[in-house]
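Q: How does the following fold in three dimensions:
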Amino acid sequence: MRWLAKWFGLGVLGFLVVLLIAGWLTAKPSDPVLWPPGAGAAVAEIYVVSHGYHAGIVVRRASTEEFAGRQGNAALLAVTKRFPSYQWIEIGWGDEGFYRSVPDVASLTFTQAVRALFRPGNHSVVHVVGLNVNPREAFPKSDMVRVNLTAEGFSRMLERLDASIARTGEGGGPEDLGVGLYGPSKFFRSVDTFSIFNVCNHWVARLLAAAGLPTAPVLSTLPQGLLLDLKWRAGLHPLPQSKFDEKRP
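A: Below is the predicted model:
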């Protein structure tokens, strides 16, 4: 059986080498016009948060509403107005059937995973949660990176986010799909489709790329790769875990 173990080890090593090469070839550089912010420049603070197999972003609700209103991002503006009493909002994206029926990785079934990853044209949703405490306190055990964006970078990220939200009617408002997974949350219809080549972490990476940060689509397939790339090329290190016990608002 030694030969089998040897070939298996070589196969794993080969796969990792191919993965690293693909990650390097598809990596996108930062946009120096947008990021990083210059010394003394005004910044917009956001957080990239990983819940294990799924990543999202956390933004200040008031500044998001202000920018969305100023830019005419009607769908995003309407979303922020659904959470008027919250200081922060967490925003994630994913396959509609998967996201709405699998609250955590323990609830995942093989059939759900295969359908979401390999069936073409899967409908998707945006998930929004209102937070009344600092993101680190809200998700004390989650991996999290704080990112300071320039005003223009924040603006472009919100433009990309708004474009991902499906519109209803002539007013361009979002299609509300009801209560979300936890806390004061809601699902909204998205225009994007979900597959193994476009998972939730790719969606987050595209938002960051729009803001000017370097991203790597292959590494971003998993949230661990997304955060690793932010550490390697953007110099952004995960925040220490909070002293607070795990709790969701």
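
Q: Could I get the phi/psi values of Leu239?
A: Dihedral pair for Leu239: phi -70, psi 150, per degrees, to the nearest 10.

Q: I'd guessed it sits against Val147; true?
A: No: in this structure Leu239 lies outside contact range of Val147 using Cβ atoms under 8 Å: 11.0 Å. The C-beta positions use only the backbone N, C-alpha and C, and glycine is treated the same way.

Q: So these two - more neighbours on which side?
A: When neighbours are counted by other Cβ atoms under 10 Å, Leu239 and Val147 differ, and Val147 comes out ahead with 22 against 15.

Q: Contacts only, for the closest residue in space to that one that isn't next to it in sequence.
A: Leaving aside its chain neighbours, Val147 sits nearest to Ile46 (5.2 Å; criterion: Cβ to Cβ, 6 or more residues apart in numbering). When contacts are counted by Cβ atoms under 8 Å, 6 or more residues apart in numbering, Ile46 touches Ile57, Val58, Val59, Arg146, Val147, Leu149, Phe154, Met157.

Q: at 6 Å what do you get?
A: Counting by Cβ atoms under 6 Å, 6 or more residues apart in numbering, Ile46 makes contact with Ile57, Val59, Val147.

Q: Repeat that for Phe187.
A: Val125, His127, Leu177, Gly180.

Q: And it, its phi and psi?
A: According to degrees, to the nearest 10, Phe187 has phi -100, psi 140.

Q: Next: Gly92.
A: According to degrees, to the nearest 10, Gly92 has phi -130, psi 170.

Q: partner strands of the helix or strand harbouring the residue nearest to Val147, parallel or antiparallel?
A: Assessed by DSSP states H and E, Ile46 sits inside strand 43-50. Strand 43-50 has the following strand partners under DSSP bridges: strand 55-60 (antiparallel), strand 143-150 (antiparallel).

Q: Tell me which of those approaches Ser185 most closely.
A: Minimum separation from Ser185 across the strands paired with strand 43-50 (Cβ to Cβ) falls at strand 55-60, 11.3 Å.

Q: Contacts for whatever helix or strand Gly94 lives in, please.
A: Assigned by DSSP H and E, Gly94 belongs to strand 88-95. Identification of contacts with strand 88-95 by Cβ under 6 Å, 6+ apart yields 56-58, 61, 83, 116, 122, 124, 126-131, 194, 200, 203.

Q: just to revisit the earlier point, any idea how far Thr193 is from the residue nearest to Val147?
A: Distance, Ile46 to Thr193, using Cβ to Cβ, to the nearest Å: 25 Å.

Q: And Leu208, by the same measure?
A: 20 Å.

Q: So these two - more neighbours on which side?
A: Neighbours were counted for Leu208 and for Thr193 using other Cβ under 10 Å; Leu208 has more, 28 against 15.

Q: Tell me where this protein is predicted with low confidence.
A: The chain contains residues with pLDDT under 70 at 1-26, 101-121, 169-172, 242-249.

Q: And the helices in it?
A: Along the chain, counting by DSSP state H, helices occupy 2-26, 61-71, 74-81, 96-101, 110-118, 135-138, 151-164, 200-210, 223-234.

Q: Render the CA-only coordinates of stretch 139-148 in PDB, please.
A: Extracted C-alpha coordinates of stretch 139-148, given in PDB (Å, rounded to 0.1, in the frame of the first residue of the first chain):
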ATOM      1  CA  PHE A 139     -19.100  38.000  15.900                       C
ATOM      2  CA  PRO A 140     -16.400  37.500  18.500                       C
ATOM      3  CA  LYS A 141     -15.200  34.100  17.300                       C
ATOM      4  CA  SER A 142     -15.400  34.700  13.600                       C
ATOM      5  CA  ASP A 143     -12.300  35.500  11.500                       C
ATOM      6  CA  MET A 144     -12.400  39.200  10.700                       C
ATOM      7  CA  VAL A 145     -10.300  41.900   8.900                       C
ATOM      8  CA  ARG A 146     -10.800  45.600   9.200                       C
ATOM      9  CA  VAL A 147     -10.300  47.500   5.900                       C
ATOM     10  CA  ASN A 148     -10.100  51.300   5.500                       C
END
